[in-house]
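Participant: Here is the input, now give the coordinates:
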Amino acid sequence: MDTYLMGEYDIAVIGAGHAGCEAALASARLGNKTIMFSINLEAIAMMPCNPAIGGTGKGHLVREIDAMGGEMGINIDKTFIQSRMLNTAKGPAVHSLRAQADKAWYHREMKKTIENQPNLDMKQDEIIDLILEECSEEGKDIKHKKVTGVITRTGAIYTAKAVIIATGTFLNGKIFIGSSVTDSGPNGLAPANILSDNLRKYGIGLRRFKTGTPARALAGTFDYSKMTEQKGDPEIIPFSFMNDSLSRNQISCWLTYTNEKTHDVIRANFHRSALFGGQIEGIGPRYCPSIEDKVNRFADKERHQLFIEPEGLDTDEMYIQGMSSSLPEDVQKDFYHTIEGLENITITRPAYAIEYDCIDPLDLKASLESKAIKNVFCAGQFNGSSGYEEAAAQGLMAGINAAMAIFGKAPVVLGRNEAYIGVLIDDLVTKGTNEPYRIMTSRAEYRLLLRQDNADDRLTELAYNIGLATEERYNRFKKKKKEVETERLRLEQTQIKADVINPLLERLNSSPITGSISLAELLKRPEINYDNLLEVDGNRPPLSYHARAQIAVEIKYSGYIEKQREQVEKFKRMENKTLPEELDYLKMEGLRIEAAQKLNHMKPSSIGQASRISGVSPADINVLLVYLEKKRRK
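Facilitator: So this is what the prediction gives:
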C-alpha cells in the first residue's frame, strides 16, 4: 500500500464516541492542533444503546466533566426530552440526575460543536496503524517506543506528538443474534479489523469484552394503558453549571415487567442464545446483563423491570431498557409479546450482543498513558469500562494529559478524594477489571464530599488553572462560591424566635423550641428543608439553583462532612508518600514474591496506590514504609 503525508498535528484521536469527543475538545481547547478520526462521522457522540445521560453515579461524572470544562453536560442540557433526579428518598450523596436524550439531536449538537471548535479537525477514515520510533529516557540508558503518528486504511499518514485511542466497541466488533454472527461495529456500522493486530505487535495486550442492546419498537404499537407512566420532574435541574434553569415540554417514559410466560419462552430457548451456545468469548457486564442471563442467574425472580423510553422527538422508535439479548429474532418476538403492554409491538431493530477488543487497564498509568508506548493515551470502552459517562470522563482526562505531555508538564491525576473521575480511573489502573466496569456511588469512599452539587467547588479552579475552564465558567463558579459562603453565614447568624417558628415546626412534626434558634440549626433537622424556612425567612436573597442545593446539603450534613474531611487527611498522608518509578521491587527484602511482581508491573506512584493493588498485603505495605523511612534518613 502506498503511503503519503496528509497532515501534521499535535494530537490525533482515534474514535469519535463520547470518549473521543471529550478528548478531542479538551486537546483543542488547550491549544493543540487536533484531529479526530471516525469510521463514520454519523458515529460522533452516537448512542447505540440507552438514549439517556446520567443516572446513579453516572450523573456525578457528568457534573464533574462539566465542572472541568467538558461538553457532555452542556450537550444534554440542549437535547434532553425528560429529566429526573433519582434517589431523592435517600441522602444527598447518592442523588443522581438522569436525562432522556433525543439521541439524533444529541449527535447533531455535539457534531456541530466539534465542527466549530478552533484547532480541531475531524476526518471520516479508519486508523489501521500507529507510527512509532525509539527514544531514550533522559539521563538513562533505557529505550522506549514513542508514537509519532497514525496511518489510515487509504494510506494517509498524519503525524502527531500524541495519540488517544478511544475505539469504543469497534475493534474487531462482532454482532450476535442467535446463530447469526456478523463482523460489525455498533448500530450496523463497519468494524475496525486491522488496528488490533498492530497494537498487539507493539506490545499492547488485548482481550475480549461483550455488551449488548435491547430491541427497538414502534411507539404506536405499545398499549400504554397496561403500563405505568413515568413523567419528568416538574422542576428541571440542569446538568451544566453554566445553566441556572431550563424549561422544556417533557416526554413520558413507561414502566412494565416481564412475567413467568416471558421466562418460560427464554428458558425453552437457552440453547439458541449466542451467550450460552459458546459463540461469545467476551465477558459481559455484571450490572447490565442480557435478559437470558437474568433469567438464568435469578431463577427465583418472578419478574424483571423494564423501562420503555422514547429515542427522540422525530422518531417513533422506543427503547426497551432492561432487555438486551443475543437470542434469535423469532424468540425475541415471542418473548417480547408475552409482556403487558408489548403484546402487539412491531420490532424495528432486534436486540443483539456485541463483542470487541479492549485492553487490560492495568497496563495504563494513572494519567491513562500506555506503559508500552510513550504518548499513547487510552480512554473509554477500550479501557474496559462501560457507559457513555465513564467513557466521556476518561476521554476528558486523556485529552488533558496528552496535552500536558506535549507541554512537558506533569499529568493531571484526580484523587479518589477529589472526584468520581478519580475513583473511576484509579479503580481501572490500580485494581483492573475482569468485566465492563461501571461507576457506582458505593465505589467512592468519600461520597458525601463528592456530591453532584459541589463538583464545581472541587474541580473548576483546577480546570481554570490548566487552561480548560473558560473565564466565563470561572467567574460563574466564583459568584456561586461567594453566594454559598455569604448565605451560610447569614443562616448561622439569623435568629428566629419561638413564637415565629413554632407554628411551622408543629406543622412539620418537629419539636418546638423555647427562646430562639438560628436558621442554620433549624436546617440541620432531618424533617426541615431549605424551602420550608422561606416562610419565616423574609430576608433570603435570590440565589441560583446550584447555590441553594449546595448550601442546604452542607449545613444539614456538616457533622458528617467534617468527619469525612478528617478521613481524607489520613488518606492524603498515604498518597503523599511517593514511590520512585525505577524501583525494582524484586530486589527489596521482605516483600512476598506475588507482591513484588505486581508492584513491578504496576509501578504505583504512592503508598496509597500500592495499598489498593490486589495481592499486596498490609505486611507488604509496612515493608515499603520501612524502605521509605530508611531512604529519608539517608
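
Participant: Name the nearest residue to residue 488, ignoring sequence neighbours.
Facilitator: residue 551 (5.9 Å; CB to CB, 6 or more residues apart in numbering). Every C-beta, even on glycine, is put in place using the N, C-alpha and C of the backbone.

Participant: Confirm that that neighbour sits in a helix.
Facilitator: Yes - membership of residue 551 in a helix is supported by DSSP: H, G, I helix; E, B strand; the rest coil.

Participant: Am I right that it is in contact with residue 490?
Facilitator: No - Residue 551 lies out of contact with residue 490 (CB atoms under 8 Å); the separation is 9.8 Å.

Participant: Neighbour count for these two, which is higher?
Facilitator: Neighbour count, other CB atoms under 10 Å: between residue 551 and residue 490, residue 551 has more, with 23 against 17.

Participant: Verify the stated contact: residue 484 with residue 551.
Facilitator: Yes - using CB under 8 Å, residue 484 is in contact with residue 551, at 5.4 Å.

Participant: Where does the prediction get shaky in the stretch 1-150 of the chain?
Facilitator: Across the stretch 1-150 of the chain, the ranges flagged by pLDDT under 70 are 137-143.

Participant: What segments of it are helices?
Facilitator: 18-29, 58-67, 72-79, 103-115 (DSSP state H, counting those that start in this stretch).

Participant: Any chance of JSON lines for those, columns distance to residue 124 and mean neighbour count?
Facilitator: Converted to JSON lines, those look like this (distance: least, CB to CB, whole Å; neighbours: other CB atoms under 10 Å):
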{"stretch": "helix 18-29", "distance to residue 124": "13", "mean neighbour count": "31"}
{"stretch": "helix 58-67", "distance to residue 124": "26", "mean neighbour count": "29"}
{"stretch": "helix 72-79", "distance to residue 124": "21", "mean neighbour count": "25"}
{"stretch": "helix 103-115", "distance to residue 124": "12", "mean neighbour count": "19"}
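
Participant: Can you redo those helices as a markdown table, where the extra columns are distance to residue 218?
Facilitator: Putting the helices of the stretch 1-150 of the chain into a markdown table (distance: least, CB to CB, whole Å) gives the following:
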| stretch | distance to residue 218 |
| --- | --- |
| helix 18-29 | 27 |
| helix 58-67 | 28 |
| helix 72-79 | 22 |
| helix 103-115 | 16 |
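
Participant: right, so of these, which gets closest to residue 454?
Facilitator: Proximity of the helices of the stretch 1-150 of the chain to residue 454 was assessed by CB to CB; the nearest stretch is helix 58-67, lying at 9.0 Å.

Participant: The closest one packs against which elements?
Facilitator: helix 72-79, strand 96-101, helix 388-407, helix 420-426, helix 455-466 (3 or more CB pairs under 8 Å, 6 or more residues apart in numbering; DSSP states H and E).

Participant: Confirm residue 318 sits in a strand?
Facilitator: Yes - counting by three-state DSSP, residue 318 falls inside a strand.

Participant: Distance of it relative to residue 217?
Facilitator: 6 Å (CB to CB, to the nearest Å).

Participant: of the two, who's got more company?
Facilitator: The residue with more neighbours, out of residue 318 and residue 217, is residue 318; 25 against 22, by other CB under 10 Å.

Participant: residue contacts, the more buried one?
Facilitator: 216-219, 222, 308-311 (CB atoms under 8 Å, 6 or more residues apart in numbering).

Participant: Can I get the buried ones among the residues you listed as something I can paste into PyMOL?
Facilitator: Burial among these is assessed by 16 or more other CB atoms under 10 Å; the matching PyMOL selection reads:
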select buried, resi 216+217+219+222+308+309+310+311
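
Participant: Just the closest of the contacts of residue 318 to residue 526, please.
Facilitator: residue 309 (33.8 Å).

Participant: Kindly confirm my reading that the closest one forms part of a strand.
Facilitator: Yes - according to three-state DSSP, the state of residue 309 is that of a strand.

Participant: so it touches residue 319, yeah?
Facilitator: Yes - Residue 309 lies in contact with residue 319 (CB under 8 Å); the separation is 4.5 Å.

Participant: what is in contact with the two at once?
Facilitator: Going by CB under 8 Å, 6+ apart, residues that sit against residue 309 and also against residue 319 are 50-51.

Participant: circling back to that earlier point, looking at the helices of the stretch 1-150 of the chain, which is closest to residue 240?
Facilitator: Set against residue 240 and scored by CB to CB, these come closest in helix 72-79, at 3.9 Å.

Participant: Give me the helices and strands touching the closest one, please.
Facilitator: Looks like helix 72-79 contacts strand 52-54, helix 58-67, strand 96-101, helix 103-115, helix 388-407 (3+ CB pairs under 8 Å, 6+ apart).

Participant: Quick check: which of the ones you listed is nearest to residue 80?
Facilitator: Of all the helices and strands packed on helix 72-79, strand 96-101 sits nearest to residue 80, with 3.9 Å by CB to CB.

Participant: What are the buried residues along that closest one?
Facilitator: 96-101.

Participant: Name every strand pairing with it and say which way it goes.
Facilitator: Applying DSSP bridges, strand 96-101 is found paired with strand 52-54 (antiparallel), strand 80-86 (antiparallel).

Participant: Could you double-check that residue 404 lies in contact with residue 411?
Facilitator: Yes - with contacts counted by CB under 8 Å, residue 404 reaches residue 411, the gap being 5.3 Å.

Participant: hey, what's in contact with both of those two?
Facilitator: Contacts common to residue 404 and residue 411, judged by CB under 8 Å, 6+ apart, are residue 367.

Participant: For residue 614, grab the count of nearby residues.
Facilitator: Residue 614: 11 neighbours (other CB under 10 Å).
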